[in-house]
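K.L.:
Fold the stuff below for me.
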Amino acid sequence: MEKITDLNGMLTTKYSQLRTRFDPDFRAMWILFNQKNDIPCFNKVMLAEIYALQELIRKSNGYIDYDGRKEKIAYSIVGSITPGIFNLGGQLGLFNQLIRNRDQQNLKHYAEACIDVIAQRINHYEFDVVTISLIQGDALGGGFEAALTSDVLIAERNCLMGFPEILFNLFPGMGAYSLVARKIGTYLAEKIILGGKMYKAEELFEMGLVDVLADEGAGEQVLQDYLRKQERRSNGFQAIQRVRQRFNPVTYQELLDITEIWVESALKLTEKDLKIMDRLVRSQERHFIQSQEVPQQLHAA
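P.N.:
You can find the predicted model right below:
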């Protein structure tokens, strides 16, 4: 699984914060977060790149050019090449600035950019594909929301996941409630969101949010084992995903309505709340610096 290919002729180097990879053995398309020189969070550049790539996948109806032939994507896998970090969530420094400036328009624009990306994946790019999140590092706030957009969440057991937004008197407004409540119910969704606790993957596995648990460093091997087993039941699995979407769909309008509540709530934050957000920004920076001291994961080579 080391070959890197273009997607319908578009060079992977076009993206400054993403890498793509296609694995022909499983017909799996990888989207890898690649933020080597900045805090691994959903900044505006990254959101724009994800949206553009996912639109390309959608418009191709899942077919890519690989070694001179057309291949149909069966699995869409999202992961990260930053050691110890999947994604740390929203761009808190930007939030802080926009809130202090009372810039409602740009807060709303950022929130909508987030749900535009989420909606693409929730809707499976409008073709039959199984979506998988491989978590080999911490996924916080919006990073956790992004991981939850997949049909299957595979995580290494020591990874931390959670929503810290309540610590600065806000809530994760780009899909968290909709996604968590549909998977494990409203009671646990509110407990996780309002508690602000960071959970180990094994705790979330017991709750039902993590679907497959892997030992530290074994995430990619566990994923490959999962795909081998999945091939024998792929038709039934995809059918159940379609039933789930029909039974309890996450609509774009629902996501949009919640972002409006988020923007309204963000503009009510006090100076004390914003100072706590400042501390979390510094925490993100420290987390990123520490990650740079860890050797790159093998799958990013």
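K.L.:
Now do residue 137: how many residues are near it, please.
P.N.:
28 (other CB atoms under 10 Å). The way it works is simple: take the backbone N, C-alpha and C, and place the C-beta from them, glycine included.
K.L.:
List the contacts of it.
P.N.:
The neighbourhood of residue 137, defined by CB atoms under 8 Å, 6 or more residues apart in numbering, consists of 80, 82-86, 159, 291.
K.L.:
Just among those, which is most surrounded?
P.N.:
Using other CB under 10 Å as the neighbour test, those are led by residue 80, with 29 neighbours.
K.L.:
mind listing what's buried in the lowest-mean-pLDDT helix or strand in the chain?
P.N.:
Across the helices and strands of the chain, mean pLDDT, DSSP states H and E gives its lowest value to helix 234-247, namely a mean of 76. Neighbour-count burial for helix 234-247 flags 238, 241 (criterion: 16 or more other CB atoms under 10 Å).
K.L.:
Same check on stretch 105-123?
P.N.:
In stretch 105-123, counting by 16+ other CB under 10 Å, buried: 107-108, 110-123.
K.L.:
picking that back up, now, the contacts of residue 137 that are in helices?
P.N.:
residue 291 (DSSP state H).
K.L.:
The contacts of residue 137 in strands, which ones?
P.N.:
Among the contacts of residue 137, the members found in strands (DSSP state E) are 80, 84-86.
K.L.:
Now distance to residue 39 and pLDDT too, for these, in CSV please.
P.N.:
What follows is the ones in strands among the contacts of residue 137, written out as CSV (distance: CB to CB, whole Å; pLDDT from 0 to 100):
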residue, distance to residue 39, pLDDT
80, 13, 96
84, 13, 93
85, 9, 95
86, 13, 97
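K.L.:
which residues of the stretch 101-250 of the chain score low on pLDDT?
P.N.:
Scanning the stretch 101-250 of the chain for pLDDT under 70 picks out nothing.
K.L.:
quick one: the strands in it?
P.N.:
130-135, 137-140, 152-156, 160-162, 198-200, 212-214 (DSSP state E, counting those that start in this stretch).
K.L.:
so who does the closest residue to residue 138 other than its chain neighbours touch?
P.N.:
Nearest residue to residue 138, sequence neighbours excluded (CB to CB, 6 or more residues apart in numbering): residue 160, at 4.5 Å. Listed by CB under 8 Å, 6+ apart, the contact partners of residue 160 are 138-140, 198-201.
K.L.:
Count the neighbours of the nearest residue to residue 213 once chain neighbours are set aside for me.
P.N.:
Excluding the flanking residues, the one nearest residue 213 by CB to CB, 6+ apart is residue 205, at 4.6 Å. The number of residues packed near residue 205 is 17, by other CB under 10 Å.
K.L.:
can you pull the contacts of residue 205?
P.N.:
155, 157, 211, 213.
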